[in-house]
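Asker: have a look; sequence and predicted model below, questions after that.
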Amino acid sequence: MRKLRLAVIGAGAIGRTHIALARDHALFELVAIVDGSAPAQTLAAQIGVPYHTDVAAMLSAEKPDAVIVATPNATHADIGVMCLAADVHVLVEKPITDTLADARRLCAAADAAGKVLLVGHQRRYNGILRAARGIVQSGRLGQLVSATGMATFLKPDPYFDMAWRRRQGGGPILINLIHDIDLLRFLMGEIDSVQAASANAVRGFEVEDTAAVILRFKSGALATMTVSDSTTAPWNWDLAAGESAHYPRQDVNTHFISGTHGSVTLPRLEVWEYRSDRGWHQPLTQERIALHDTNPYAEQLRHFDAVIRGQEEPVCSGVDAMRSLQAVLAIHETAASGEAVQIGD
Ligand SMILES: NC(=O)c1ccc[n+]([C@@H]2O[C@H](COP(=O)([O-])OP(=O)(O)OC[C@H]3O[C@@H](n4cnc5c(N)ncnc54)[C@H](O)[C@@H]3O)[C@@H](O)[C@H]2O)c1
C-alpha cells in the first residue's frame, strides 16, 4: 500500500506535534512543511523535509495527497479551500474556522471536491472519552440529567506574545472551551441554548480570560462549564487526561456527568451508582474503570488515513465541528448580551 503524501501547514505549537507524529509514519510520508517563520525553516532543515512559505507553491511543487492545517484560526478557511480545490484531503485544526460563514464555505469546498475534511477535535480519539461515551450509550447512567466541567489553568505570559491570542477570537472560549463543548456534545448530544458571562479582569486584553457557561441540551439535560487561562489550578483536561507530555499530569477529575441511575467522572472514569436500594440515604458504590493511555493525536492521524481510503466514517466531520463552533460563537454572543442564545439547526 502506497504511503499518502502529507504536508503540514503551520509549524507552531500544535503543528510540531503533527510533524513529530508524521515523521517516519507507517501510513504517511511527510513531504513538506509550510510556514513563514524562521524556527519552522530551521525545523524543516533539521529533519530534512522540503520547506515552503507559500501554500499554493507547495501544492504545485510537492503534490501532496493530504494536508494538516495548523495555522491561526482565521486562516483555516482560505488555506483549506485552496487545498481542497487542488484535490487534497484536509485535516484542519480546531476550531474549524472562526466564523460560521467560513465554516460553511470550507464544508462546501470539501463537498464540491469530494475530498475528506476532518477537524482536529482530538479528544474524540481519546480512549477515556470513548469509554465514557460507551457507558452513556449503554444506558448505565439512565437518563442524562446534568454535567459540570472545569477548564481552569494558567497560560504563561509569553503565550500572549502572538498578537492574535490577545484579540477577539484568540481567547480561551474559542481556543480551549471549544474542546470541552465538543466533548460534552460527543457525550450528551446536541446543544439547544447557551447562556454565559465572560471577563478579562486578570489580563485586561481585548479578549476574555475567563468565562462561565450554562448549556441546555436538546435532550433536556443541563451543564455548566468554567474556563479560565489565568488561574493556578489543576482542573483542566490537558493536565488531567495525559494527552500530551508537554503537560505535567495531575490526577484529578475535570468533568462530572450525572444521570438518573449513575454518574461518571472524567478523566478518572469513576462510575457512581446504587447497587440495590436507591436514594441519598443509601450507600453509593464507585467503580474505577482502568484504561491504558492512548495518544489521541496518533489515533486521529491513523483515522485520517482510514477515512481517505474509505475504510472509516469521519469521527469529526466539518459539519459536526461546525456545530461546536456554532455553540462557542453563541457563548460569545450571550456573554456580550447577557441573554440566552438559541442554537440554530
Ligand atoms: N488540537 C489541539 O490540541 C490544539 C492545540 C493548540 C492549538 N490548536 C489549534 O491549532 C492552530 C494553531 O495553533 P498554535 O497554538 O499551534 O499556533 P502558533 O501560533 O503556535 O502556530 C501557528 C503557525 O502557523 C504559521 N502560519 C501563520 N499563517 C500561516 C500561513 N498563512 N501559512 C503557513 N503558516 C502560517 C505561523 O508562522 C506559526 O508558526 C489554531 O487553530 C489552534 O486553535 C489545536
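Answerer: That came through, no problem. Residues are numbered from 1 along each chain as shown.

Asker: surely residue 252 touches residue 235?
Answerer: Yes - with contact defined as C-beta atoms under 8 Å, residue 252 counts as touching residue 235 (5.9 Å). (Each C-beta comes from the backbone N, C-alpha and C, glycine too.)

Asker: which one's more surrounded, the two?
Answerer: For residue 252 versus residue 235, neighbours defined as other C-beta atoms under 10 Å are more numerous around residue 235 (19 against 15).

Asker: quick one: that one from the ligand, how far?
Answerer: As judged by C-beta to the nearest ligand atom, to the nearest Å, residue 235 and the ligand stand 18 Å apart.

Asker: ok, that residue touching residue 150?
Answerer: Yes - with contacts counted by C-beta under 8 Å, residue 235 reaches residue 150, the gap being 3.7 Å.

Asker: all helices for the chain, in order.
Answerer: 13-22, 38-47, 55-62, 76-85, 100-113, 127-138, 172, 178-188, 237-240, 296-308, 318-337 (DSSP state H).

Asker: would you turn those helices into a markdown table with distance to residue 70, mean neighbour count and mean pLDDT?
Answerer: A markdown table is the format used below for the helices of the chain (distance: least, C-beta to C-beta, whole Å; neighbours: other C-beta atoms under 10 Å; pLDDT from 0 to 100):
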| stretch | distance to residue 70 | mean neighbour count | mean pLDDT |
| --- | --- | --- | --- |
| helix 13-22 | 4 | 19 | 96 |
| helix 38-47 | 11 | 14 | 98 |
| helix 55-62 | 12 | 16 | 98 |
| helix 76-85 | 9 | 22 | 98 |
| helix 100-113 | 15 | 18 | 98 |
| helix 127-138 | 21 | 17 | 97 |
| helix 172 | 19 | 24 | 95 |
| helix 178-188 | 15 | 24 | 98 |
| helix 237-240 | 17 | 22 | 97 |
| helix 296-308 | 11 | 20 | 97 |
| helix 318-337 | 15 | 21 | 96 |
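
Asker: out of those, flag the one nearest the ligand.
Answerer: helix 13-22 (3.6 Å; C-beta to the nearest ligand atom).

Asker: list the contacts of the residue of the chain at minimum distance from the ligand.
Answerer: Nearest residue of the chain to the ligand, counting by C-beta to the nearest ligand atom: residue 12, 1.7 Å away. The contact partners of residue 12, taken as C-beta atoms under 8 Å, 6 or more residues apart in numbering, are 35, 37, 40, 70-71.

Asker: got the residues of this protein near the ligand?
Answerer: Residues of the chain found near the ligand (C-beta under 6 Å from any ligand atom) are 9-15, 34-37, 40, 55, 70-73, 75, 93-94, 120, 122, 162, 175.

Asker: what's next to stretch 161-169, contact-wise?
Answerer: Contacts for stretch 161-169 (C-beta under 8 Å, 6+ apart): 72-74, 98, 159-160, 170-171, 175, 205-207.

Asker: if you set the cut-off to 6 Å instead, what comes out?
Answerer: If you take C-beta atoms under 6 Å, 6 or more residues apart in numbering as the criterion, stretch 161-169 is touched by 72, 98, 160, 170, 205-207.

Asker: do you know the pLDDT at residue 162?
Answerer: Model confidence at residue 162, given as pLDDT, is 87.

Asker: hang on, the earlier thing: with distance to residue 257 as new columns, can the helices of the chain be given to me in a markdown table?
Answerer: Formatted as a markdown table, the helices of the chain follow (distance: least, C-beta to C-beta, whole Å):
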| stretch | distance to residue 257 |
| --- | --- |
| helix 13-22 | 27 |
| helix 38-47 | 40 |
| helix 55-62 | 41 |
| helix 76-85 | 30 |
| helix 100-113 | 27 |
| helix 127-138 | 7 |
| helix 172 | 22 |
| helix 178-188 | 6 |
| helix 237-240 | 14 |
| helix 296-308 | 19 |
| helix 318-337 | 17 |
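
Asker: for these, which one sits closest to residue 194?
Answerer: Minimum separation from residue 194 across the helices of the chain (C-beta to C-beta) falls at helix 318-337, 4.9 Å.

Asker: this protein - how does it break down into domains?
Answerer: 4-115, 124-293+325-342 (automatic domain parsing).

Asker: okay, how far is it across the shortest one, tip to tip?
Answerer: Right, the one you point to is domain 4-115. The stretch domain 4-115 measures 14 Å between its terminal residues, going by C-alpha to C-alpha, to the nearest Å.

Asker: distance between it and the chain's centre?
Answerer: Centroid displacement of domain 4-115 relative to its chain, using C-alpha atoms, centre = their mean, to the nearest Å, is 17 Å.

Asker: residue 170 - how many residues pack around it?
Answerer: 21.

Asker: what do you get for residue 287?
Answerer: Residues near residue 287, counting by other C-beta under 10 Å: 13.

Asker: grab the nearest non-local neighbour of it.
Answerer: Take residue 287 and drop its neighbours on the chain: the residue closest to it by C-beta to C-beta, 6 or more residues apart in numbering is residue 271, 4.7 Å away.
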